[in-house]
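Enquirer: starting from these lines, generate the structure:
(one chain, ligands or ions: 1)
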Amino acid sequence: MQALIEELESRVSEVMSELAGERVSAMVKLSQNIKFGDYQVNGVMSLAKKLGMNPRQLADKIVVKCDLSDMCEPAEIAGPGFINLRLRSDWLTKQLQKAIYDTERLGVDIVPVSGRTVVDFSGPNLAKEMHVGHLRSTIIGDVLSRVLEFLCGDSDKVVRQNHVGDWGLQFGMLVAYIRETEPDSFADPSVLRVWDLEQFYKNAKKRFDENEEFKQFCYKCTVMLHEKDAATMAVWRAVLGESRRHCKVIYDRLMVNLNESNEKGESTYCDDLPDVIADLAKAGMITESDGAQCVFMPGYNTAEGEPLPLIVQKSDGAFLYATTDLAAVRYRVSKLGASRVIYVTDSRQKLHFQMVFDCASKAGWTGQARLEHVPFGSVLGEDNKPFKTRSGESVKLSALLDEAESRALAVVSQKNPELDAKTKQEIARVVGIGAVKYADLSNNLISDYVFSWDKMLAMEGNTAPYMQYAYARVQSIFRKALTEGKTITAGAAISLQEPAELALAKILVRYAETLSAVSRELRPHILTGYLFELAGEFSTFYNACPVLKAQEPVCSSRLALCRLTADTLKHGLSMLGIETIEQM
Ligand code: ARG
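Expert: Below is the predicted model of the structure:
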């Protein structure tokens with residue numbers, strides 16, 4: 001199934017472009033009200049204005065010229081010049097029939113892409129444990145990667161890059177602290193045990209803030225790291241190893257596909273940084289300002305109206321976050337063959353990426369590639385302030401996920417006290433982790449959202465438990481069918497008679513265009529919104545149309561609709577990296 005709305009858009013646009021003598025868009029949108037059909041062509045009025053024509057007459061002309069009779073009922077012209085399109089039920093049936101036994105792709109066509117898409121996400125600072133600030137980038141980036149991968153049908157075309165912080169002062173600090181407090185570990189890093197990375201980091205930071213001599217020593221150790229002093233590097237590697245073990249546990253629990261092969265941290269680019277500066281200088285883009293190497297670009301000013309530079313090297317010779325990002329752009333475009341690079345970070349980095357993209361493009365490093373920043377808002381506590389523990393510290397992800405599971409266990413135990421402990425635990429894991437992810441993904445990316453256990457674990461509303469329950473409920477129909485000796489037979493004919501059947505069919509065929517919209521707009525909540533709507537239409541259908549009690553062939557047709565609904569829910573949730581359970 002091709003993205004339906006895109007098919008309509010391209011067919012109507014073609015006719016309109018012919019009439020216009022230039023490329024114009026039909027602006028096909030989903031209808032707000034099914035009274036007016038399923039899709040609406042909104043672009044007629046502006047074209048009529050351009051051509052100096054009466055919009056309704058133009059709409060007439062378009063309708064006559066544009067043959068959509070294979071997909072749609074005869075088009076209707078409404079209002080000042082809208083064209084309303086209604087899908088034909090025999091066309092719908094054909095699409096569903098195709099999707100229903102295609103368990104792998106649910107009839108969603110592969111959309112080939114030319115270059116690679118790099119998705120830069122998660123990127124925690126490896127000096128500390130992952131905390132709630134890393135949640136959004138990690139799961140949003142994973143979802144975008146999954147959807148892009150699925151649509152192009154080629155996992156080689158989507159490259160996940162974990163741009164971890166592994167090269168800054170924090171590591172100089174940790175190394176300095178180990179040298180001072182654990183000389184044995186410094187001599188032989190294999191005996192190093194970072195029993196609590198977080199505490200370790202805090203101790204080092206405290207000492208850094210309090211003791212000037214230690215502070216200077218930290219700077220020195222950072223320089224030694226950057227000069228690749230062997231003993232310093234060995235300790236650094238040991239700390240990273242420990243940190244990676246922490247991350248891996250979190251990634252596994254969150255079902256996020258990131259492993260060591262995806263890790264291309266800041267240190268990866270350390271040898272390229274002098275070249276980046278040299279090339280910028282060669283291109284005449286560098287200006288020295290107060291001893292620092294800067295790139296000034298039009299359009300960037302400080303609040304005081306002064307030109308705002310992108311600093312690429314400090315006066316002491318140190319390189320910056322931006323320098324590394326410039327090196328990463330070069331690598332991604334030239335070595336990885338990226339035609340699209342997607343950066344998933346919080347919105348506070350918006351300006352940073354704008355400047356990096358601009359600078360990279362002016363330096364000629366971006367080629368044909370499109371660089372996109374996907375900014376997102378913060379996670380807030382119920383007090384509307386940044387989400388913190390009661391003592392005011394950042395919430396560790398490990399603790400957050402533990403709490404999610406234990407709260408979900410309470411919900412499951414209350415709902416299903418008779419289940420055995422192991423089953424309850426497993427359901428709680430799937431529901432708890434799913435709830436945290438879904439709550440995050442279902443928000444409009446750019447807004448902040450309030451982290452609320454009660455809301456995300458609610459069985460009603462646009463939540464993971466509701467979606468998982470909706471799936472389990474459809475599955476229970478099949479269990480019941482089986483006990484009655486009914487199975488859905490391959491090729492069972494689907495017929496759409498009742499309005500609720502039609503409505504369900506119409507949302508089912510929109511799965512491909514939903515994924516396509518996610519990949520274009522890079523907003524996962526388009527998919528959660530779709531799944532929520534699908535679950536709702538299914539409920540309406542199930543209340544209005546008996547399934548197992550219906551006579552054949554209606555029973556088989558409805559079972560087939562149930563099958564495709566369950567498969568779509570499960571598949572959609574899997575795109576979100578959320579598991580389903582058969583029984584809840
Ligand atoms: N380590 C960064 C941070 O914690 C995120 C990295 C984002 N990616 C990038 N290419 N800069 O903010």
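
Enquirer: what about residue 351, helix or strand, and which?
Expert: helix 350-362 (DSSP states H and E).

Enquirer: before we move on, what about residue 426?
Expert: Following DSSP H and E, one finds residue 426 within helix 421-441.

Enquirer: who's in contact with whichever residue of the chain sits closest to the ligand?
Expert: The nearest approach of the chain to the ligand comes at residue 123, 3.0 Å away (CB to the nearest ligand atom). (Each C-beta comes from the backbone N, C-alpha and C, glycine too.) Contacts were defined as CB atoms under 8 Å, 6 or more residues apart in numbering; by that measure residue 123 touches 134, 137, 162-165, 345.

Enquirer: ok, and of the residues you listed, which contact the ligand?
Expert: When contact is defined as CB under 6 Å from any ligand atom, those meet the ligand at 163, 165, 345.

Enquirer: the last one belongs to a strand?
Expert: It refers to residue 345. Yes - looking at residue 345 with DSSP: H, G, I helix; E, B strand; the rest coil, it is inside a strand.

Enquirer: is it correct that it is in contact with residue 373?
Expert: Yes - the pair residue 345 / residue 373 is scored as a contact, 7.2 Å apart, by CB atoms under 8 Å.

Enquirer: hey, what's in contact with both of the two?
Expert: residue 353.

Enquirer: just to revisit the earlier point, now the helix holding residue 426: buried residues?
Expert: 424, 427-441 (16 or more other CB atoms under 10 Å).

Enquirer: next one: stretch 177-193 to chain centre, how far?
Expert: 40 Å (CA atoms, centre = their mean, to the nearest Å).

Enquirer: ends of it, what's the gap?
Expert: 13 Å (CA to CA, to the nearest Å).

Enquirer: before we move on, what about stretch 144-164?
Expert: Termini of stretch 144-164 sit 19 Å apart (CA to CA).

Enquirer: now it: how far from the chain's centre is it?
Expert: For stretch 144-164, the distance to the chain centre is 11 Å (CA atoms, centre = their mean).

Enquirer: how about it, which residues are buried there?
Expert: 144-152, 157-164.

Enquirer: now, those residues that are in strands?
Expert: 158-161 (DSSP state E).

Enquirer: tell me the contacts of the residue nearest to residue 554 when sequence neighbours are not counted?
Expert: Nearest non-adjacent residue to residue 554, counting by CB to CB, 6 or more residues apart in numbering: residue 495, 7.4 Å away. Listed by CB under 8 Å, 6+ apart, the contact set of residue 495 reads 93, 553-554, 557.

Enquirer: now those as JSON lines including neighbour count, pLDDT and distance to the ligand?
Expert: Converted to JSON lines, the contacts of residue 495 look like this (neighbours: other CB atoms under 10 Å; pLDDT from 0 to 100; distance: CB to the nearest ligand atom, whole Å):
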{"residue": "93", "neighbour count": "17", "pLDDT": "95", "distance to the ligand": "47"}
{"residue": "553", "neighbour count": "13", "pLDDT": "91", "distance to the ligand": "55"}
{"residue": "554", "neighbour count": "17", "pLDDT": "94", "distance to the ligand": "54"}
{"residue": "557", "neighbour count": "23", "pLDDT": "94", "distance to the ligand": "50"}
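
Enquirer: avg pLDDT for the strand or helix carrying residue 479?
Expert: Using DSSP H and E, residue 479 falls within helix 464-483. Mean pLDDT, helix 464-483: 95.

Enquirer: how about residue 203, what does it touch?
Expert: Here residue 203 is in contact with 177, 181 (criterion: CB under 8 Å, 6+ apart).

Enquirer: now with 7 Å, please.
Expert: With contact set as CB atoms under 7 Å, 6 or more residues apart in numbering, residue 203 has these partners: residue 177.

Enquirer: next, the residue nearest to residue 554: secondary structure please.
Expert: coil.

Enquirer: now it. Its backbone dihedrals?
Expert: phi -130, psi 140 (degrees, to the nearest 10).

Enquirer: and the residue lying closest to residue 27 once chain neighbours are set aside, how many neighbours does it have?
Expert: Excluding its sequence neighbours, the residue lying closest to residue 27 (CB to CB, 6+ apart) is residue 43, at 3.7 Å. The burial count assigned to residue 43 is 22, neighbours taken as other CB atoms under 10 Å.

Enquirer: for residue 52, see how far away residue 43 is.
Expert: As judged by CB to CB, to the nearest Å, residue 43 and residue 52 stand 16 Å apart.

Enquirer: where does residue 189 land on pLDDT?
Expert: pLDDT, residue 189: 81.

Enquirer: quickly find the element holding the residue lying closest to it once chain neighbours are set aside.
Expert: Closest residue in space to residue 189, ignoring its immediate chain neighbours: residue 238 at 3.9 Å, by CB to CB, 6+ apart. Using DSSP H and E, residue 238 sits in helix 230-253.

Enquirer: residues making contact with that helix?
Expert: Against helix 230-253 from outside (CB under 7 Å, 6+ apart): 124, 126, 129-130, 166, 171, 174-175, 178, 186, 189, 192, 194, 197, 221, 224-225, 258, 260, 397-398, 401, 433.

Enquirer: switch the cut-off to 8 Å
Expert: 122, 124, 126-130, 138, 166, 171, 174-175, 178-179, 185-186, 189-190, 192, 194, 197, 221, 224-225, 256-260, 263, 397-398, 401, 433.

Enquirer: stretch 133-141 too?
Expert: So stretch 133-141 is contacted by 119-124, 130, 160, 250-251, 254, 256, 258, 342, 344-346, 374, 376, 379, 394, 397, 400, 436-437, 440-441, 445, 524, 577 (CB under 8 Å, 6+ apart).

Enquirer: repeat the analysis, applying 7 Å as the threshold.
Expert: 119, 121-124, 254, 256, 344-346, 374, 376, 379, 394, 397, 437, 440-441, 524, 577.

Enquirer: could you double-check that residue 132 lies in contact with residue 389?
Expert: No - contact criterion CB atoms under 7 Å: residue 132 and residue 389 do not qualify, at 9.5 Å.
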